[in-house]
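Undergrad: coords please:
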Amino acid sequence: MMRPLPIRAKLTLWYLLATFAGVVLFGVISYGVLYYALLREKKTHLLGREERLIMLLAENRARQISAPLDEQLRDYAVVTHEGNMFQLRRLDGTPFFPSATRETDWVFTNSSGCREVCFQVMQLRGAPVMVMCHQVVLNGMQLRLYQGGSLSEEMDILRIYRGALLFLLPGLLIVSSFCGYFLSRRAMGPVDRLTKAALGIGIGNLSARVPVPASKDEVQQLAEAWNQLLGRLEAAVSRLSQFSADVSHDLRTSITIILATAQLALNRAHSEDEYRDDLNRIATECCMAATLLDALLSLVRSKNFMHEATFQPIDLCALVVNGCRRVEDLAESGGILLDWDLPETPVFIEGDEVLIGRLLGIFLDNAIKYTPENGEIHAEVFADATEAGVTIRDTGMGIAPGTQEQIFERFYQADLRERKTQAGCGLGLSIARWIADAHQAKITLKSAPMQGSSFRIAFPLTIDQRAQQAQTAM
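TA: The predicted structure is shown next:
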C-alpha cells in the first residue's frame, strides 16, 4: 500500500499545481489579449486606407483632374502598401477594378452585402489575411470596396510569444517547486517545534507546556489548544494520583487488620464464639473499606459535577421529606428525635435531584453520628426573595470555632471521643462542598462546643423562580 505523503510534500505539490494553473491561465489570457490587440490594429489600418482613398478621389475632383476613375484607382494601388490586396466590385458582384481578378476573388460569409464595415480573416496565397468589405460611393457609383492586409507579422509575433511562454513554463515550474518547498518548511517550522516539545512531555512532567508563538494565527491556536489539553490531562492525572494515594493510605490499615485477624484465626484453635468475633471484625473492616472506597470515588468524580449534573426544577420540600424518612429509622435506633418543618407553599430550586439528595443525606448522617441519645435533629426549608434552601440543626457535641473551616477539607475529622458510631473517613463534608459548589450554593455553619450545630445550605434562585415564588406567595 502506498504511504501517504507528509504535509510538507503535499503543500509543495499544491503550490506547484497552483503555480502551473496560474501560469497556464496567464498565458492563455495574455495570448488572447495580444491576438485581439493585433487584429484590432490591423482593422484600424484598413479603415485608414479606405479614408485615404476617399480623400484622394475628393481632392482629385477638387483639382478638376480629368483622368478616368480606373486610372486614378491604378495610381492609388501602385503607391499604396499592399496595393495588390485592393479591389472594387459592383453591387451585383461583377468586378469593377481591376477588371480581371483571379486569387483575389474574396468570398465573404457575411450576408448583409457589406452595407456596414465587415472584417474577415482568410487564407490568400497560403498566408493569413484580414479582408475588409464596405459599400462606398465613388464618383456617384455604389461599389463594394475590398481591402486586404497581411497578418504574417502579427502571426510571427504571436508565434514568438507562444514559444517564449512554452520555454519559460518548465523553468517557472522548477523555481516554483523550490519556492514551494521553502515556504512549506517555513510554514511547518512552528508545527515541528510544537511536535518536538510535545514529544518531550511525559507522565512525569505534565506541568510542562509547549511554546506559544505570538503569531496570532492557526499555529498559536494549536499551541493554546495543546496547552489546554495538557492542563486537563495534568488535572486528571493529579486526581488519579491523589485517589491512589488516598486509597493506599486509608485502606492499608483495614487490609492489615483483616490479614492479621485471618492469619491468627487460621494459626490458632478458637472456639465458635471467638471465630464469630473474628469474622465480625473482618466484616466490619470490609464495610469500612467499602465505605471509604465509595467516598473516594465520589470525591474524584465530584470535580466533574458541572459536566455530569442534569439540572431541572426540584421540589425542595419533597426532597427534604424523603431524605428525613430515609434516615428516620437510624435516628430512632439511636434514641434521636428527627422532625422537619416545611413552608405552606412548595419551594422549587434548579439542580440535580440525585446530587442534592446526597448532599442532604450527608448532613443528616453527620447529625445522627454526632448527636447523643435523647438529642434532636430539625430540618427546615426556607425561601426568600433571592434564595431558598434547608437548615439542619442538631443538639450534638458541636464544633469548635477554630476547626469549623477545616471540617470541609479532605480526611479531616473533629474530635471523635463523644461520637457513638465507629470512625468514618472524613470525606463526607468534602463531597458536600463539591456538590454545593456545583450548584453555586452557599453553606453556612453556626456551632459551638456542646451547643449543637446548624448547617444552612442556600441555593440561588433564578429570575423565573423568583417570579414563581412571588406569585405563589400572593
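Undergrad: can you give me the strands in this protein?
TA: With strands called from DSSP state E, the chain shows them at 86-90, 95-97, 118-124, 127-138, 141-150, 312-315, 337-341, 348-351, 376-383, 387-394, 442-447, 453-460.
Undergrad: Can you pull out the low-pLDDT segments for the stretch 301-450 of the chain?
TA: The model of the stretch 301-450 of the chain has pLDDT under 70 over residues 301-309, 402, 404, 406, 408-428.
Undergrad: hmm, who's touching stretch 23-39?
TA: Stretch 23-39 has contacts (Cβ atoms under 8 Å, 6 or more residues apart in numbering) with 121, 130, 151, 154, 157, 158, 161, 162, 165, 169, 172, 173. No exception for glycine: its C-beta is placed from N, CA and C like everyone else's.
Undergrad: can you name the farthest residue from the center of this protein?
TA: Here the chain reaches farthest from its C-alpha mean at residue 66, the gap being 90.4 Å by Cα atoms, centre = their mean.
Undergrad: Tell me the spacing between it and residue 143.
TA: Remark: distance between residue 66 and residue 143 (Cβ to Cβ, to the nearest Å) = 20 Å.
Undergrad: Taking strand 118-124 as reference, get the angle to the longest helix seen in the chain.
TA: In the chain, taking DSSP state H as the definition, the longest helix is helix 7-63. Taking axes from the mean of the first three to the mean of the last three Cα atoms, to 10 degrees, one finds that helix 7-63 is oriented at 100 degrees with respect to strand 118-124.
Undergrad: so how far is helix 7-63 off the chain centroid?
TA: Put simply, helix 7-63 sits 48 Å off its chain's centre (Cα atoms, centre = their mean, to the nearest Å).
Undergrad: Can you check what angle separates it from strand 141-150?
TA: 140 degrees.
Undergrad: Quick one: mean pLDDT over helix 7-63.
TA: What helix 7-63 shows for mean pLDDT is 90.
Undergrad: sorry, back to before: can you tell me which of the contacts of stretch 23-39 is nearest residue 398?
TA: Nearest to residue 398, judged by Cβ to Cβ, of the contacts of stretch 23-39 is residue 173 at 87.5 Å.
Undergrad: Just give the number of residues close to the closest one.
TA: Per other Cβ atoms under 10 Å, the neighbour tally for residue 173 reads 14.
Undergrad: where does it land on pLDDT?
TA: Predicted confidence (pLDDT) for residue 173: 87.
Undergrad: Could you report the neighbour count for the residue lying closest to residue 326 once chain neighbours are set aside?
TA: Nearest non-adjacent residue to residue 326, counting by Cβ to Cβ, 6 or more residues apart in numbering: residue 361, 6.9 Å away. Using other Cβ under 10 Å, residue 361 is surrounded by 17 other residues.
Undergrad: can I assume residue 361 is in contact with residue 325?
TA: No: in this structure residue 361 lies outside contact range of residue 325 using Cβ atoms under 8 Å: 11.6 Å.
Undergrad: all helices of the chain, in order?
TA: Per DSSP H, the chain carries helices over the ranges 7-63, 69-79, 152-199, 218-267, 272-302, 305-308, 316-326, 328-333, 353-370, 428-438, 463-473.
Undergrad: Among those, which comes closest to residue 451?
TA: Proximity to residue 451 (Cβ to Cβ) singles out helix 353-370 among these, at 12.3 Å.
Undergrad: elements contacting the closest one?
TA: Packed against helix 353-370 by the contact rule (3 or more Cβ pairs under 8 Å, 6 or more residues apart in numbering; DSSP states H and E) you find strand 312-315, helix 316-326, strand 376-383, strand 387-394, helix 428-438, strand 453-460.
Undergrad: As PDB, could you dump the C-alpha coordinates of it?
TA: Output of helix 353-370 as PDB, limited to C-alpha atoms (Å, rounded to 0.1, in the frame of the first residue of the first chain):
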ATOM      1  CA  GLU A 353     -32.100  15.700  42.300                       C
ATOM      2  CA  VAL A 354     -29.700  12.800  43.000                       C
ATOM      3  CA  LEU A 355     -26.800  15.100  44.000                       C
ATOM      4  CA  ILE A 356     -28.800  17.400  46.200                       C
ATOM      5  CA  GLY A 357     -30.400  14.300  47.800                       C
ATOM      6  CA  ARG A 358     -26.900  13.000  48.600                       C
ATOM      7  CA  LEU A 359     -26.000  16.500  50.000                       C
ATOM      8  CA  LEU A 360     -28.900  16.400  52.400                       C
ATOM      9  CA  GLY A 361     -28.100  12.800  53.300                       C
ATOM     10  CA  ILE A 362     -24.500  13.700  54.200                       C
ATOM     11  CA  PHE A 363     -25.600  16.400  56.700                       C
ATOM     12  CA  LEU A 364     -28.400  14.300  58.200                       C
ATOM     13  CA  ASP A 365     -26.000  11.300  58.600                       C
ATOM     14  CA  ASN A 366     -23.400  13.500  60.300                       C
ATOM     15  CA  ALA A 367     -26.000  15.000  62.600                       C
ATOM     16  CA  ILE A 368     -27.100  11.500  63.700                       C
ATOM     17  CA  LYS A 369     -23.500  10.400  64.200                       C
ATOM     18  CA  TYR A 370     -22.600  13.400  66.400                       C
END
